[in-house]
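>>> need a structure here:
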Amino acid sequence: MNVLLRIIVKEFLQLRQDRKIIPVLVIGPLVQLLALGFAANTDVKNVPLLLIDQDRTRESRELADRFVASGYFRLAGAAETVRQIDPWLVRGDAQIALVIGAASFRGSERSGSRPDSSGRSSRRSRPG
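Prediction:
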């Protein structure tokens, strides 16, 4: 700890002798902070999506369309079975797979309920 303190004191003494280096020490990190602050982007957009639609109903197509229309995902392709997901992910052609199971939306129109994101039915109230 004593050695570190001596190095810090030595560096401050050096700064007092050479005042030209102070702007370099301040401007350099500021430029880096501004440039990297705008370069780092955490927005998730256009994630390649693999669609496995085993239900093949109007509702399942609408669900897939809503995913693509959100702008967060782009349809990279479609597959028939869940076993076909791994090759797409390993090749890097898709980063996520949307699996709509068979009969996911069956009976939802008659009962007035629709599956939520976990696949369970949630009752929706009908107007008037």
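
>>> Where do the helices of this structure begin and end?
Using DSSP state H, the helices found in the chain span residues 2-17, 21-39, 58-69, 85-91, 108-111.

>>> Return the most buried member of these.
Each of these was scored by mean neighbour count; the highest is helix 58-69, a mean of 14, by mean count of other Cβ atoms under 10 Å. For every residue, glycine as well, the C-beta is placed using N, CA and C.

>>> Residues contacting that one, please?
Residues from elsewhere that reach helix 58-69, judged by Cβ atoms under 8 Å, 6 or more residues apart in numbering: 49, 51, 53, 73-75, 98, 100, 104-105, 108, 114.

>>> Can you say which of those are buried?
49, 51, 53, 73, 98, 100, 104-105 (16 or more other Cβ atoms under 10 Å).

>>> quick one: which of those is nearest N41?
Taking Cβ to Cβ as the measure, N41 lies nearest F73 of the buried ones among the contacts of helix 58-69, at 17.0 Å.

>>> Read off the pLDDT value for the closest one.
At F73, the model reports a pLDDT of 95.

>>> Looking at this structure, which residue reaches furthest from the middle?
The centre of the chain is farthest from one residue, Q17, which by Cα atoms, centre = their mean lies 50.1 Å away.

>>> where's the spatially most central residue of the chain relative to Y72, distance?
Nearest to the mean C-alpha position of the chain, by Cα atoms, centre = their mean, lies V44 at 4.1 Å. Relative to Y72, V44 is positioned 6 Å away (Cβ to Cβ, to the nearest Å).

>>> least trustworthy helix or strand in the chain by mean pLDDT?
Lowest on mean pLDDT, DSSP states H and E among the helices and strands of the chain sits strand 121-123, with a mean of 44.
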